[in-house]
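# fold the stuff below for me.
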Amino acid sequence: MDSFTKIVDLYRKNNGYVHESLIRKRNIDGIYGLYINEKIEKNTLLIRTPENLILKIKNKIINTHDKISVSNFISP
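As a prediction, the model looks like this:
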């Protein structure tokens, strides 16, 4: 089982949602991303992350326009 399938299973076991047409693949630069493999309707829900899987942040987020720095993560 690949890592994407494991994450999808984790989401579903925790009452999350990942649309059936979402797939993980590499782009031409070798970077992985999520893509859909069929035409879908506008405003279709693609992913719903369960609350208990959201990474909590203890302190603050600093936005430097080209990157976001996050400090002091709390694991779920």
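# C-alpha from now on. contacts and neighbour counts both.
Will do.
# residue ranges for the strands of the protein, please.
Counting by DSSP state E, the chain has strands at residues 17-18, 22-26, 32-36, 47-48, 56-57, 61-63, 68-70, 73-74.
# what is the fourth one packed up against?
Strand 47-48 sits against strand 17-18, with contacts defined as 3 or more CA pairs under 8 Å, 6 or more residues apart in numbering; DSSP states H and E.
# for the first one, same thing?
Here strand 17-18 is seen to pack against helix 3-13, strand 47-48 when contacts are counted using 3+ CA pairs under 8 Å, 6+ apart.
# including distance to residue 41, mean neighbour count and mean pLDDT, could those go into TSV?
Formatted as TSV, these follow (distance: least, CA to CA, whole Å; neighbours: other CA atoms under 10 Å; pLDDT from 0 to 100):
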stretch	distance to residue 41	mean neighbour count	mean pLDDT
helix 3-13	21	14	93
strand 47-48	14	14	92
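# with distance to residue 34 added, can I get these in a markdown table?
Shown next, in a markdown table, are the helices and strands packed on strand 17-18 (distance: least, CA to CA, whole Å):
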| stretch | distance to residue 34 |
| --- | --- |
| helix 3-13 | 10 |
| strand 47-48 | 11 |
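# out of the ones you listed, which is closest to residue 31?
Nearest of the helices and strands packed on strand 17-18 to residue 31, taken as CA to CA: helix 3-13 at 14.1 Å.
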